[in-house]
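# pasting a predicted model and its sequence here:
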Amino acid sequence: DIHSTSMGIMHEYNIQPDEIGEVTPVVSQFLGDLLCEPLEQKRNPKSLMDAKISLPFVLAVAVSRGKVALGDFTPERLDDPATYRLAQRVTYRVDAALAGQYGIAAGVVEIKTKGGRVFSKRVDNAYGHPKNPISRENIIRKFRECVSYSAKPISRVKADQVIDLAMNLEGVDNVNEVIQLIG
């Protein structure tokens, strides 16, 4: 996906957030309309929900922090001026050739440094697509992160049990075991 691709460019070319002049995702019309328009509002989300569906905000988080996590969508993080400054440097471009089923297919990210260097990377299948599967380690990491924001706290022991059961579902006689651990 586009935010992972931008993080990959940052890492691969050792670009620091303060070196970024412009970040340009190249997307389908569908994604442009959904996640980038109106651009000024998407660059300056006023609520947590607005931030979650703002490609400029999410890309600013991704390139400034090296990851996008649930904790990036808290009231404290929404008030981070550095993220807003970086979001102002995110623009976008539509390429009709990128439209796929439901308007979602390939995407491209271009990062231009203040010094004028341009780096670009294309992603044909979002992370999690069968052709670009999520690693077991990242699934577990994401689950642990999400559990940490649970309204009803879940102990590490129970979380470990849920992970073990979920990763070995073929051996589970009754999936209610998983529900009981998190319920």
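Yep, that arrived.
# can you pull the buried residues of stretch 35-55?
Neighbour-count burial for stretch 35-55 flags Leu35, Cys36, Lys42, Arg43, Pro45, Ala51, Ser54, Leu55 (criterion: 16 or more other C-beta atoms under 10 Å). Every residue, glycine included, has its C-beta placed from N, CA and C.
# now the terminal residues of that stretch, how far apart.
End-to-end distance for stretch 35-55: 5 Å, by C-alpha to C-alpha, to the nearest Å.
# quick check, distance from that stretch to the centre of its chain.
Computed by C-alpha atoms, centre = their mean, to the nearest Å, the separation of stretch 35-55 from the middle of its chain amounts to 14 Å.
# ignoring the adjacent residues along the chain, who's closest to Thr83?
Ala60 (4.9 Å; C-beta to C-beta, 6 or more residues apart in numbering).
# helix, strand, or coil at that neighbour?
helix (DSSP: H, G, I helix; E, B strand; the rest coil).
# run a quick neighbour tally on it.
30 (other C-beta atoms under 10 Å).
# and it, what does it touch?
Residues counted as contacts of Ala60 (C-beta atoms under 8 Å, 6 or more residues apart in numbering) are Val23, Thr83, Tyr84, Leu86, Ala87, Arg89, Val90.
# spell out, range by range, the strands that occur in this protein.
According to DSSP state E, the chain carries its strands in the segments 20-27, 93-94, 107-113, 118-123.
# and Leu181, what does it touch?
Going by C-beta under 8 Å, 6+ apart, Leu181 touches Ile154, Lys158, Gln161, Val162, Leu165.
# what's around the first one, how many residues?
Around Ile154 sit 16 other residues, with neighbours defined as other C-beta under 10 Å.
# going forward, count from 44.
Okay, residue one is now 44; in that scheme the one you just asked about reads as Ile197.
# look up how far Pro88 lies from it.
Separation of Ile197 from Pro88 (C-beta to C-beta, to the nearest Å): 29 Å.
# helices of the protein, residue ranges please.
45-55, 72-79, 82-86, 91-95, 98-108, 118-121, 124-130, 179-190, 199-210, 219-225 (DSSP state H).
# looking at these, which is nearest to Ala169?
Minimum separation from Ala169 across these (C-beta to C-beta) falls at helix 45-55, 8.2 Å.
# chain center to that closest one: distance?
Here helix 45-55 is found 11 Å from its chain centre; the criterion is C-alpha atoms, centre = their mean.
# what's that helix packed up against?
strand 63-70, helix 98-108, strand 150-156, strand 161-166 (3 or more C-beta pairs under 8 Å, 6 or more residues apart in numbering; DSSP states H and E).
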